[in-house]
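> let me see the structure of the following:
(2 chains)
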Amino acid sequence: MSIKKIEQARAYVANRKELTNRLKHVLVERLALDREADEIPDDCLLFGVGLGLDSVDALEIIVVIESEFDIRVEDDDMQEIRSVNSIVDFILLRQNEEGEL
Amino acid sequence: MHSYNIIRNHVGLVDLDNWFRFEISGIDAVEVLDETVGCNMHDLFEGRAANTLIPSLTGGVDAIIWIIARTDSFLVLGEPEDQEAVSNALEQTADGRDIQVKDIRKEKFALVLTGPKAENVAEQAFGDEIYSIAFLNALTIGSSTILAARIGFFGEYELHLFGDADDKEKVIDQLKEASGCGCELMAGQDDCAVMMIEMRVMSRHRDIPNDTSVFEAGLHWMIDFRKENLRGADALAERKNTMKQKCVMMLVDGDTADITDQSVFIDDVKIGTIHSVYWSDSLNKNVALAYIQSEFGYPGLSCTIGANHAVAETVSAPAFLSKSVLNSLNMG
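Have a look, this model is predicted:
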């Protein structure tokens, strides 16, 4: 019997939730944000309106992704650094691509 | 060229005269505002601005506002639908203390110069002083003095301009001249809603159902939870631990007529409800805000909507980085 989509969704979300929480904790620590990890909404805009991060923070976020998640970030990938959710999308995509190799 | 294209790709001047704006002053203004709004007013120094909300006494959202700190007063700005809630909350909190709330909508115009090329137009109009604006500054154009604030709703470069109502048409003409693009500079408010949603900037009346908590709407970043006098603190603490749903962005394929308030399914299990839907030219798709059970409130899930089984996917927000942000990150 095939696994129902709802069960696949539950498994996917469990993995994603863990990754999201890990990323938030690392960002709070590395960017020295004056807030707790659970005070950052998953979709909150990182730059400008929202958390108000700047181009220096953007560079630190790249370092975080590369060092903590062992993923190379190219210049074209900067578009993916918009929110915690979009960064998690990017990490999962790269992890899946590596898994397929 | 319609407003969306003007603002997302060029430069537009949007008339926000219908938005409410209060000038708030008085010895107790800081304390009263601090007890009313989510951000910490003691951190809002002169010359700075904060995007925050007024939490309801049940842990929901009464209003979403910008507060700009001036030398001896604060300017509070928001969508017209939130004006009454802001007035009521301030009145409740003031309780006889020394605070004056003045509605300046009739005496001060409100315009926003916005878009990826807006900074160039601002420089032509006001000189290179505009590059030194962190949040706000007084600028001159012709014989008019204007308060210019770098606050934002659309994710683009935005310069909000407040000046004497009598000078409004003169200022518009001078900005048109600076832009070199004549009447196309004026952009309507029609597309503001979709541009806000693309950036996950929410409107209280359009995008947040009644009794939705601050956490369910994903707006808790606007609140300083360390404040001892936080409005609705007990309700917020309770609702943080009882989140039933999360606001999630969805991209919807095909015909989306009448999908507002329709149910969202995975298999035949209902996981949420569509609240608002907008067409996005940048994404070439309909973008919806849905309230999804917390358990499933994450991007990357394939769903169907309503009886017609419209195909949809939960996605990350903001939908993209605007050209203005890419320019500021030297990636434009």
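
> show me where chain A dips below the pLDDT cut-off.
Chain A contains residues with pLDDT under 70 at A:1-2, A:100-101.

> which bits of it sit near chain B?
Proximity of chain A to chain B (Cβ under 8 Å from any Cβ of the partner chain) is limited to residues A:4-6, A:9-10, A:12-13, A:16-17, A:20, A:35-36, A:39-45, A:47-51, A:55, A:58, A:75, A:78-79, A:82-83, A:85-86, A:88-89, A:92. C-betas here are computed from N, CA, C, even on glycine.

> and the helices in the chain?
Picking chain A for this. Under the criterion DSSP state H, chain A contains helices at A:5-30, A:55-69, A:84-100.

> I was thinking of chain B, sorry if that wasn't clear
Counting by DSSP H, the helices of chain B are B:3-9, B:29-36, B:83-94, B:118-126, B:168-179, B:192-198, B:204-207, B:233-240, B:323-328.

> if we can go back for a sec, will you turn the helices of chain A into a markdown table that also has mean neighbour count and distance to residue B:142?
Output for the helices of chain A, formatted as a markdown table (neighbours: other Cβ atoms under 10 Å in any protein chain shown; distance: least, Cβ to Cβ, whole Å):
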| stretch | mean neighbour count | distance to residue B:142 |
| --- | --- | --- |
| helix A:5-30 | 16 | 46 |
| helix A:55-69 | 15 | 34 |
| helix A:84-100 | 17 | 43 |
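
> can you check which of the ones you listed gets nearest to residue B:126?
Closest of the helices of chain A to residue B:126 is helix A:55-69, at 23.6 Å (criterion: Cβ to Cβ).

> residue in the stretch 151-300 of chain B nearest to chain A?
Using Cβ to the nearest Cβ, residue B:218 is the residue of the stretch 151-300 of chain B that sits closest to chain A, at 3.9 Å.

> which residues touch that residue?
Each residue near residue B:218 by Cβ atoms under 8 Å, 6 or more residues apart in numbering or on different chains is listed here: A:41, A:42, A:43, A:44, B:200, B:202, B:246, B:247.

> and it, how far is that from residue B:200?
8 Å (Cβ to Cβ, to the nearest Å).

> quick check: neighbours shared by these two?
Shared contacts of residue B:218 and residue B:200, counting by Cβ under 8 Å, 6+ apart, come down to A:43, A:44.

> any chance of a PyMOL selection covering the buried ones in the contacts of residue B:218?
Those of these that count as buried under 16 or more other Cβ atoms under 10 Å in any protein chain shown are selected in PyMOL with:
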select buried, (chain A and resi 41+42+43+44) or (chain B and resi 200+202+246+247)
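
> from the chain's centre, how far out does stretch B:117-129 sit?
Here the centre of stretch B:117-129 is set off from its chain's centre by 23 Å, with Cα atoms, centre = their mean, to the nearest Å.

> what's the average pLDDT for that stretch?
Across stretch B:117-129, the average pLDDT comes to 92.

> give me the number of residues near residue B:273?
18 (other Cβ atoms under 10 Å in any protein chain shown).

> can you check residue B:27 too?
10.

> contacts only, for the closest residue to it other than its chain neighbours.
Leaving aside its chain neighbours, residue B:27 sits nearest to residue B:98 (4.3 Å; criterion: Cβ to Cβ, 6 or more residues apart in numbering or on different chains). Counting by Cβ under 8 Å, 6+ apart, residue B:98 makes contact with B:26, B:27, B:28, B:29.

> quick one: which of these is nearest residue B:18?
residue B:29 (25.0 Å).

> that closest one touches residue B:94, doesn't it?
No. Using Cβ atoms under 8 Å, residue B:29 is not in contact with residue B:94, being 9.4 Å away.

> need the contact list for residue B:154.
Residue B:154 sits next to B:7, B:114, B:192, B:195, B:196, B:199, B:201, B:322 when contact means Cβ under 8 Å, 6+ apart.

> what do you get for residue B:269?
residue A:6.

> next one: the one 3 residues further on
Contacts for residue B:272 (Cβ under 8 Å, 6+ apart) come out as B:245, B:248, B:263, B:264, B:290, B:291, B:292, B:293, B:296, B:297.
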